[in-house]
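>>> what's the 3D shape of this:
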Amino acid sequence: MGKGGSLSDGVLKKILLSYTYVAIWIFLSFTVIVYNKYILDKKMYNWPFPISLTMIHMSFCATLAFVLIKVFKVVEPVTMSRDLYLSSVVPIGALYSLSLWLSNSAYIYLSVSFIQMLKALMPVAVYSIGVLFKKDGFKSDTMINMLSISFGVAIAAYGEARFDTWGVMLQLGAVAFEATRLVMIQILLTSKGITLNPITSLYYVAPCCFVFLLFPWFFVEMPILRESSSFHFDFVIFGTNSLCAFALNLAVFLLVGKTSALTMNVAGVVKDWLLIAFSWSVIKDTVTPINLFGYGLAFLGVGYYNHSKLQAMKAKEAQKKIGQGDEETGKLLEEREGEVGMGKRSDSQN
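Predicted structure coming up:
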């Protein structure tokens, strides 16, 4: 009974920890999205410079990652050659900088709720690019699922009260670049046996992103900022905003490392509904019934996709256990045959 009780306590503790990781990630992701919207939106803080904001995040994260690795030695840096950095990290950094730039830019033109609805297309983009790069096999039932998600998002877009074509293009571009980045991480890093935690990832990728963003910033935002003499850098606003962005990267690693990527996907759906509710009730963004109906269809498609992935993971684990069991049975049979052979030799000697 005591043993069973301790086991139940252990399971309960694991469940509580999982929910804690999910809650931390949802809170930080929620905070970063709303904070970025507050800074960039012309009706709020009114600082519509998404490239500059992304560069502030990247410089802050790169500096903090450098201090944690080189000064405090919290984690060991991954050994990486120059060729590997140029062939793997630089393309991933370029895609990441474009994804962040475009997604932050979309907050100027679109509501928080509608942006979350458009982000439901992420599984569609990841699967399509995975098939294109031959990382995923084409399956007709999965493609039908992807089309249902796309159809739901299209309905949500049709019902959007503040539809802005340029904003939608920016957000769709951000989704495409982010999906490509995720696939490229699998191709360029995972296939070579390299895994980066958030600190080492920011240590290598953030400076690369900063350099890539310098070029558009120099021509697009720097001239406007130089003419705007009224602006004074608010260390509290941008400092806390950057700290939240850094903490979110750590929370992603914590959530995926302690639970699974699938848990993060499911938690992301919960976060999206919370953001839609917050956008409607607090920010007073208009959310129409057609919006909700379309996103509801997309939500069902994403839910089915996550369910299919979970079933595939379970089947893979079961097959792996069967394989291990067959291997152990084979070893036992070999040992028994060896013992029988030794017994026969000893009998013949006698």
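
>>> any idea how far apart the tips of stretch 76-84 sit?
Stretch 76-84 has an end-to-end distance of 18 Å (criterion: Cα to Cα, to the nearest Å).

>>> now that stretch, how far from the chain's geometric center?
23 Å (Cα atoms, centre = their mean, to the nearest Å).

>>> middle-most residue in this structure, spatially?
Val252 (7.1 Å; Cα atoms, centre = their mean).

>>> tell me which residues of stretch 69-86 are tucked away?
By 16 or more other Cβ atoms under 10 Å, the buried positions in stretch 69-86 come out as 69, 84. To be clear about C-beta, it is placed using only N, CA and C from the backbone, and glycine gets the same treatment.

>>> picking up where we left off before, surely the residue nearest to the centre of the chain is in contact with Met264?
Yes: with contacts counted by Cβ atoms under 8 Å, Val252 reaches Met264, the gap being 7.2 Å.

>>> quick one: contacts for the residue nearest to the centre of the chain?
Contact analysis of Val252 by Cβ atoms under 8 Å, 6 or more residues apart in numbering lists 25, 198, 264.

>>> at 10 Å instead, please
If you count contacts by Cβ atoms under 10 Å, 6 or more residues apart in numbering, Val252 has them with 25, 28-29, 197-198, 201, 261, 264.

>>> which of the residues you listed has the weakest pLDDT?
Across the contacts of Val252, the smallest pLDDT goes to Ala261, namely 69.

>>> list the contacts of stretch 18-30.
Counting by Cβ under 10 Å, 6+ apart, 112, 244-260, 263-264, 266-268, 270-272, 274-275, 278 sit against stretch 18-30.

>>> please convert the buried members of the residues you listed into PyMOL selection syntax.
Buried residues within the contacts of stretch 18-30, by 16+ other Cβ under 10 Å, are selected in PyMOL with:
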select buried, resi 112+244+245+246+247+248+249+250+251+252+254+255+256+259+263+264+266+267+268+271+272+275+278
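
>>> helices - which of the contacts of stretch 18-30 land there?
Using DSSP state H, the subset of the contacts of stretch 18-30 located in helices is 112, 244-258, 263-264, 266-268, 270-272, 274-275, 278.

>>> before we move on, the earlier item: now do the residue nearest to the centre of the chain against Leu12, distance only.
From Val252 across to Leu12, the span is 25 Å (Cβ to Cβ, to the nearest Å).

>>> in three-state terms, label Cys209 for me.
Per DSSP: H, G, I helix; E, B strand; the rest coil, the local secondary structure of Cys209 is helix.

>>> where does the stretch 251-350 of the chain dip in pLDDT?
Counting by pLDDT under 70, the stretch 251-350 of the chain has low-confidence residues at 261, 323-350.

>>> go again with 90.
Along the stretch 251-350 of the chain, the model assigns pLDDT under 90 to residues 251-270, 283-284, 303, 305-350.

>>> quick one, helices of it?
Here the stretch 251-350 of the chain has its helices, by DSSP state H, counting those that start in this stretch, at 261-281, 289-349.

>>> cool, and the stretch 1-150 of the chain?
Listed in chain order, the helices found in the stretch 1-150 of the chain under DSSP H, counting those that start in this stretch are 2-40, 50-66, 82-84, 90-109, 112-118, 122-132, 140-158.

>>> for Ser191, which of these is the nearest?
Ser191 lies closest to helix 82-84 among these, at 12.0 Å (Cβ to Cβ).

>>> who does that closest one touch, helix- and strand-wise?
On a contact count with 3 or more Cβ pairs under 10 Å, 6 or more residues apart in numbering; DSSP states H and E, helix 82-84 meets no helix or strand.

>>> what sits up against that helix?
With Cβ under 10 Å, 6+ apart as the test, helix 82-84 has contacts from 78, 90, 188-189, 192, 194.

>>> tell me the mean pLDDT over that helix?
For helix 82-84, mean pLDDT is 91.

>>> cool, and stretch 111-123?
Here stretch 111-123 scores 94 as its mean pLDDT.

>>> let's see that stretch as CSV, backbone CA atoms only.
Listed next in CSV are the C-alpha coordinates belonging to stretch 111-123 (Å, rounded to 0.1, in the frame of the first residue of the first chain):
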residue,chain,number,x,y,z
SER,A,111,-5.4,42.4,-34.4
VAL,A,112,-3.9,39.9,-32.0
SER,A,113,-6.9,37.6,-32.4
PHE,A,114,-6.7,37.4,-36.2
ILE,A,115,-2.9,36.9,-36.1
GLN,A,116,-3.4,33.8,-33.8
MET,A,117,-6.0,32.5,-36.3
LEU,A,118,-3.6,32.8,-39.1
LYS,A,119,-0.9,31.0,-37.1
ALA,A,120,-3.2,27.9,-37.2
LEU,A,121,-1.6,27.4,-40.7
MET,A,122,1.7,26.5,-39.2
PRO,A,123,1.1,22.7,-39.3
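
>>> what comes up buried for that stretch?
For stretch 111-123, by 16+ other Cβ under 10 Å, it's 111-123.

>>> with stretch 154-168 instead?
For stretch 154-168, by 16+ other Cβ under 10 Å, it's 155-157, 159-160, 164, 167-168.

>>> the helices of the stretch 1-150 of the chain: which one's closest to His307?
Minimum separation from His307 across those (Cβ to Cβ) falls at helix 140-158, 10.1 Å.

>>> helices and strands around the helix or strand immediately after that closest one in the chain, which ones?
Later in the chain than helix 140-158, the nearest helix or strand by DSSP states H and E is helix 165-184. Applying 3+ Cβ pairs under 10 Å, 6+ apart, one finds that helix 165-184 contacts helix 90-109, helix 112-118, helix 122-132.
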